[in-house]
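Visitor: what would the 3D arrangement of this be:
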Amino acid sequence: VIVSSLLHGATVVYIGAAIWLVDFVYRCVTAAIFNEHKATFTVLPADVMKVTFPKGNSWKYKPGQFVFICVPSLSIFQWHP
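Guide: Below you'll find the model as predicted:
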C-alpha cells in the first residue's frame with residue numbers, strides 16, 4: 001500500500017503509516033520492558049474464551065478502559081483488545 005501510494009502520489013498515506021508505526025514500536029518496547037504475565041484460558045459455551053491474568057498493585061484502571069493482549073504462541077505481531 002505504501003509503495004503504491006508513493007507511485008500514485010498519495011503521500012497522505014504516510015500519516016496513517018507513521019501513526020501505526022509509532023503505536024507498533026510503543027507496544028513492542030512496552031512488552032519488552034514489562035515482565036510477561038501468565039494467563040489462564042477457559043473455554044466457555046458459544047465459542048467464548050475467558051482470559052484471566054493477575055494484575056499488579058500499580059495497575060490503575062477505570063470502567064470502560066481496555067488492554068491489548070498479545071499471545072506469542074499465536075503471533076508476536078497480533079494484539080487483541
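
Visitor: in contact with I69, which residues?
Guide: Applying CB atoms under 8 Å, 6 or more residues apart in numbering to I69 gives the contacts A39, V51, W79, H80, P81. In this view, the C-beta of every residue, glycine as well, is placed from N, C-alpha and C.

Visitor: where do the strands of this structure begin and end?
Guide: 40-44, 48-52, 69-70, 79-80 (DSSP state E).

Visitor: including mean pLDDT and distance to I33, could those go into JSON lines?
Guide: Below are the strands of the chain laid out as JSON lines (pLDDT from 0 to 100; distance: least, CB to CB, whole Å):
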{"stretch": "strand 40-44", "mean pLDDT": "89", "distance to I33": "24"}
{"stretch": "strand 48-52", "mean pLDDT": "87", "distance to I33": "22"}
{"stretch": "strand 69-70", "mean pLDDT": "78", "distance to I33": "14"}
{"stretch": "strand 79-80", "mean pLDDT": "78", "distance to I33": "16"}
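
Visitor: as TSV, the contacts of I69 with neighbour count would be great.
Guide: Shown next, in TSV, are those (neighbours: other CB atoms under 10 Å):
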residue	neighbour count
A39	11
V51	11
W79	16
H80	11
P81	6
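
Visitor: just those residues now: which is nearest V29?
Guide: W79 (13.3 Å; CB to CB).

Visitor: of all the strands of the chain, which one is nearest V12?
Guide: strand 79-80 (25.2 Å).

Visitor: please report the distance of A18 from G64.
Guide: Separation of A18 from G64 (CB to CB, to the nearest Å): 28 Å.

Visitor: still on that earlier bit, could you export the strands of the chain as JSON lines, including distance to L6?
Guide: Shown next, in JSON lines, are the strands of the chain (distance: least, CB to CB, whole Å):
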{"stretch": "strand 40-44", "distance to L6": "42"}
{"stretch": "strand 48-52", "distance to L6": "40"}
{"stretch": "strand 69-70", "distance to L6": "30"}
{"stretch": "strand 79-80", "distance to L6": "27"}
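
Visitor: and those strands: which comes nearest Y26?
Guide: Among these, strand 79-80 sits nearest to Y26 (CB to CB), with 10.9 Å.

Visitor: since that was my last question, I'll sign off now.
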